[in-house]
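> no FASTA, just this:
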């Protein structure tokens, strides 16, 4: 397992600040690229991401990989209960009937949205993956 860098809280905060105003864009700033960017900021480890350029391609790719949960588990390891998520861990959410990844920031999660980063309460998380 990759460890968190010594100054990971500062690095995570800088990553959140840098992405705060970026709007959702498939393959550029979607939930998967956002979560992978957080993992990179916290650990220095790049997470291999499938490439896609649009929603249709993303849905096809994730179906081929067994779904978003399975694809994330393959990269980050075992799933844990969302109540065990720490700041910086990746979480699975369900919003408007769709699954998406976010990053735990304590009592809230963050994920890309139409107007920049979106935030919500951690009690909406379905599961989590430990980062570092």
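Nice, thanks for sending it over. Predicted, not measured: the structure shown is a model, and the values here were computed from it.
> which non-adjacent residue is nearest the most centrally placed residue in the chain?
When the chain is reduced to its mean C-alpha position, the closest residue under C-alpha atoms, centre = their mean turns out to be residue 35, at 2.7 Å. If the residues on either side of it in the chain are set aside, residue 35 comes closest to residue 101, at 4.2 Å by C-beta to C-beta, 6 or more residues apart in numbering. From N, CA and C alone the C-beta is placed, and that goes for glycine too.
> ok, back up a step: what residues are up against the residue nearest to the centre of the chain?
Residues near residue 35 by C-beta atoms under 8 Å, 6 or more residues apart in numbering: 47, 72, 90, 101-103.
> repeat for residue 30
When contacts are taken as C-beta under 8 Å, 6+ apart, residue 30 is in contact with 24, 58, 112.
> what about the second one, which SS state?
Reducing the assignment at residue 58 to three states with DSSP: H, G, I helix; E, B strand; the rest coil gives helix.
> ok, so of the contacts of residue 30, who is nearest residue 79?
For residue 79, the nearest member of the contacts of residue 30 is residue 58. The distance, counting by C-beta to C-beta, is 20.8 Å.
> Pretty sure residue 48 sits against residue 75.
Yes: applying C-beta atoms under 8 Å, one finds residue 48 in contact with residue 75, separated by 6.6 Å.
> Neighbour count: these two, which is higher?
residue 75 (17 against 8; other C-beta atoms under 10 Å).
> so that one makes contact with residue 45?
No: proximity of residue 75 to residue 45 does not meet the contact threshold set by C-beta under 8 Å, at 10.1 Å.
> ok so, going back, could you check how far the residue nearest to residue 35 is from residue 111?
The gap separating residue 101 from residue 111 is 7 Å, by C-beta to C-beta, to the nearest Å.
> what do those two both touch?
31, 34, 93.
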